[in-house]
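# Model the following, please.
(chains A and B)
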Amino acid sequence: MEIKSVKYRIGKNYGFKALVIIFAFACVVPLLFILSYILEQGITKINWRFLVNVPRPVGETGGGIVNALMGTILIIICASLIAIPIGILAGIYLSENKKSRLAYWSRLCVDILQGVPSIVIGIVAYFWLVKPFGFSAISGSVALAIMMLPIIVRATEETLKLLPASLKEAAFALGMPFHRVIFKVIVPVGISGILSGVMLSIARITGETAPLLFTAFGNPYLNFKIWKPMESLPHVIFTYATSPYDEWKDLAWGASLILLVWVLLLNIFTKLITRKWKVQL
Amino acid sequence: MIIGLLMIVLVLGILLTLVVKSLPSIQALGLKYLWGKTWDPVQDIYGAAPFLLGTLISSFLALIISVPFSLAVAIFLGEYYPNGWLPDFLKNAVELIAAVPSVIYGFWALAVLVPIVRTFETNIGVAPLGQGIFASSLILAVMIIPYAASLGRSMIQLVPSQLKEAAYGLGATRWEVIRSVILPYTKSGLFAGVLLSLGRALGETMAVTMVIGNTSLMPHSIFGYGNTMASVIANEFTEADKPVYVSALIELGLVLFLVTVVINLIGKKIIDRFTND
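Sure, this is the predicted structure:
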């Protein structure tokens, strides 16, 4: 290595530091732009009628997105009902059986599931549920539940792994059967980590559009039947954002703001939980 | 036990469904499918090359744009300033980037980014389309920053302090420590982070669909219209009327699934090896 003057090296050192700082904070700029733009566009579109009306045909004012709002809530509730029990049980299984071969493959599959593109899950849900039963909200829920699973499983497994073994041994020493140890000791102690995993997974799927394109499909009317097509916030944004009509674009901006606020609140709430209970995720 | 099996069954079920449903097109088209340059459902010609190429170009372009930024975030948070309110702010902001739904990125890109790209294209003298591969790469680049950044940060924090201190003891400046100790030590970990970002970029659907322009022709420049595997599925799946057409689309999904699975598994393996050492 050739010898360079100390001044040159110090200069290079500071130059690089400045470069790192500039590049690092440049990442925040697009985020701020997006958040402020959505806020600016969306805030003027939201009013009472926007929240309680269904969309009107082009040319009429006063349309709303209540169908999408209710649809998203219902689809997410159904997805959670499917994914949470399975996810938590799988997480418990994986943390209880660290070494077995089945657990190894199972863990691998959870990893794979985490990386599967959402559109592929949409296709699969289409063949499992839409082909036999027609477009329905429940098929969208199943697709979203598949996406929630890996996050819940991981969070549960990581949390339970960190619990001291003495806790479980104490319970066994008192003569408790296995299932009672799990549900009365292990799960209550690890509930904070599990809960934040669940919240995180809900935040992650709330904005998912691709799996809903072929499953819940969309519906311009208010609908509470889970066996019928249902509208959802991300889907309404997608269809109206790519439409040429200004009234529909306005609806999409309002819906974007609501979706964004919802997702950000969920994320902040998860953050607070993890900070309060000092969970590592 | 049963639950453990369920995970395996689920993944195998996904794979099996994709394979079975794409059999008609595999049988009808064979390997020609992968490098056929024409995609014309009306005449029953299905070549996936335009979409494979479109996916590769847009993802790698996004990766090239985003890597300097995510690396900077990783170095900033991992080495220069691990604690304090400003780094905390940066860390949370970068995590928020991952939290924003992709359809919102797409909408924003359509309303704000596309006109900017159009002006830029006018200035450099190419057809000012606005939409196209370049615009979608830009928005993808923003979306994938957090994945490489957060992994890179934890990898950089794993560098043993003795190594760094030894280098400082020899009179190295901070930049020299970063370049000749931290970066070589974390090389494989950083690579894994980039791989995971790539996996995200390949499968990203909504934002790309909204700004890429959606054409079935071979992409001829990064400023032209294009289409990716995911976006073509999103656009045409519900409209596909012929069995071969549907199954050709599913075969795209199968390819996408296999590619992302391989990328993610390699990434996970590298991370596991790195953290166990």
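
# Only C-alpha atoms from now on, for both contacts and neighbour counts.
Will do.

# got any ranges where the stretch 51-200 of chain A has weak pLDDT?
For the stretch 51-200 of chain A, applying pLDDT under 70 flags the ranges A:57-62.

# in it, what residue is nearest chain B?
residue A:117 (4.7 Å; Cα to the nearest Cα).

# Residues of the stretch 101-250 of chain B that sit close to chain A?
Proximity of the stretch 101-250 of chain B to chain A (Cα under 8 Å from any Cα of the partner chain) is limited to residues B:101-105, B:107-108, B:142, B:145, B:173-176, B:199-200, B:203-206, B:210, B:230, B:233-234, B:237-238, B:250.

# Just the buried ones from the residues you listed?
The neighbour-count test (16 or more other Cα atoms under 10 Å in any protein chain shown) marks B:101-105, B:107-108, B:142, B:145, B:173-176, B:199-200, B:203-206, B:210, B:230, B:233-234, B:237, B:250 as buried among these.

# Among those, which ones are in helices?
Within these, residues falling in helices by DSSP state H are B:102-105, B:107-108, B:142, B:145, B:174-176, B:199-200, B:203, B:206, B:210, B:230, B:233-234, B:250.

# quick one, helices of the stretch 151-277 of chain B?
B:161-169, B:174-177, B:183-203, B:206-211, B:229-236, B:243-276 (DSSP state H, counting those that start in this stretch).

# Identify whichever of the ones you listed lies nearest to residue A:243.
helix B:206-211 (11.0 Å; Cα to Cα).

# wait, what's in contact with the nearest residue to residue A:26 once chain neighbours are set aside?
In this structure, residue A:26 finds its nearest non-sequential neighbour in residue B:69, 7.5 Å apart by Cα to Cα, 6 or more residues apart in numbering or on different chains. Residues near residue B:69 by Cα atoms under 8 Å, 6 or more residues apart in numbering or on different chains: A:23-24, A:26-27, B:145.

# Which of the helices of the stretch 151-277 of chain B has the highest mean neighbour count?
helix B:206-211 (a mean of 28; mean count of other Cα atoms under 10 Å in any protein chain shown).

# Show me what the helix or strand where residue A:80 lies is packed up against.
Under the criterion of DSSP states H and E, residue A:80 resides in helix A:66-96. The contact analysis (3 or more Cα pairs under 8 Å, 6 or more residues apart in numbering or on different chains; DSSP states H and E) places helix A:66-96 against helix A:48-52, helix A:101-115, helix A:137-162, helix A:191-206, helix A:233-241, helix B:2-29.

# repeat that with 6 Å
helix A:137-162 (3 or more Cα pairs under 6 Å, 6 or more residues apart in numbering or on different chains; DSSP states H and E).

# After the helix it packs on, which helix or strand is next? Please name it.
helix A:165-173.

# residues of that next one that come out buried?
Within helix A:165-173, judged by 16+ other Cα under 10 Å, the buried ones are A:168, A:171.

# how far is the helix or strand following that helix from where the chain is centred?
In the C-terminal direction, the helix or strand that comes right after helix A:165-173 (DSSP H and E) is helix A:178-180. In terms of Cα atoms, centre = their mean, to the nearest Å, the centre of helix A:178-180 is found 31 Å from the chain centre.

# Could you tell me how many residues sit around residue A:129?
18 (other Cα atoms under 10 Å in any protein chain shown).

# residues contacting it?
residue A:139 (Cα atoms under 6 Å, 6 or more residues apart in numbering or on different chains).

# mind listing what's buried in the helix holding residue A:80?
Quick answer for helix A:66-96 (16+ other Cα under 10 Å): A:66-72, A:74-76, A:78-80, A:82-84, A:86-95.

# Okay, the residue nearest to the spatial centre of chain A and residue A:79: tell me how far apart.
Computing the C-alpha centroid of chain A and ranking residues by Cα atoms, centre = their mean puts residue A:204 first, at 1.4 Å. Distance of residue A:204 to residue A:79, given as Cα to Cα, to the nearest Å: 12 Å.

# Point out the one among the helices of the stretch 151-277 of chain B that comes closest to residue A:189.
Short answer: helix B:243-276, nearest of the helices of the stretch 151-277 of chain B by Cα to Cα, at 27.0 Å.

# For that closest one, name the packing helices and strands.
Using 3+ Cα pairs under 6 Å, 6+ apart, helix B:243-276 sits against helix B:2-29, helix B:183-203.

# List, one by one, the residues from the stretch 51-200 of chain A near chain B.
Contact residues, the stretch 51-200 of chain A versus chain B (Cα under 6 Å from any Cα of the partner chain): A:90, A:106, A:109, A:112, A:117, A:120.

# With adjacent residues omitted, what lies nearest to the third one?
What sits nearest to residue A:109 in space, not counting adjacent residues and going by Cα to Cα, 6+ apart, is residue B:8, at 5.7 Å.

# Break chain A down into its domains, please.
A:6-43, A:48-276 (automatic domain parsing).

# where does residue B:57 land on pLDDT?
With respect to pLDDT, residue B:57 has a value of 90.

# so how many other residues sit close to it?
Residue B:57 has 20 nearby residues by other Cα under 10 Å.

# residues making contact with stretch A:221-235?
A:67-68, A:71-72, A:135-138, A:207, A:209, A:216-219.

# got the CA coordinates for that stretch in CSV?
C-alpha atoms of stretch A:221-235 as CSV (Å, rounded to 0.1, in the frame of the first residue of the first chain):
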residue,chain,number,x,y,z
TYR,A,221,-72.4,-2.2,-2.9
LEU,A,222,-72.3,-2.6,0.8
ASN,A,223,-72.1,-6.3,1.6
PHE,A,224,-71.8,-8.2,4.9
LYS,A,225,-72.0,-11.8,3.4
ILE,A,226,-68.7,-13.4,3.5
TRP,A,227,-69.6,-15.8,0.7
LYS,A,228,-70.2,-13.0,-1.7
PRO,A,229,-67.6,-10.7,-3.4
MET,A,230,-66.5,-7.8,-1.2
GLU,A,231,-64.8,-4.5,-1.7
SER,A,232,-61.7,-3.7,0.3
LEU,A,233,-59.7,-0.5,0.8
PRO,A,234,-56.5,-1.4,-1.1
HIS,A,235,-58.6,-2.8,-4.0
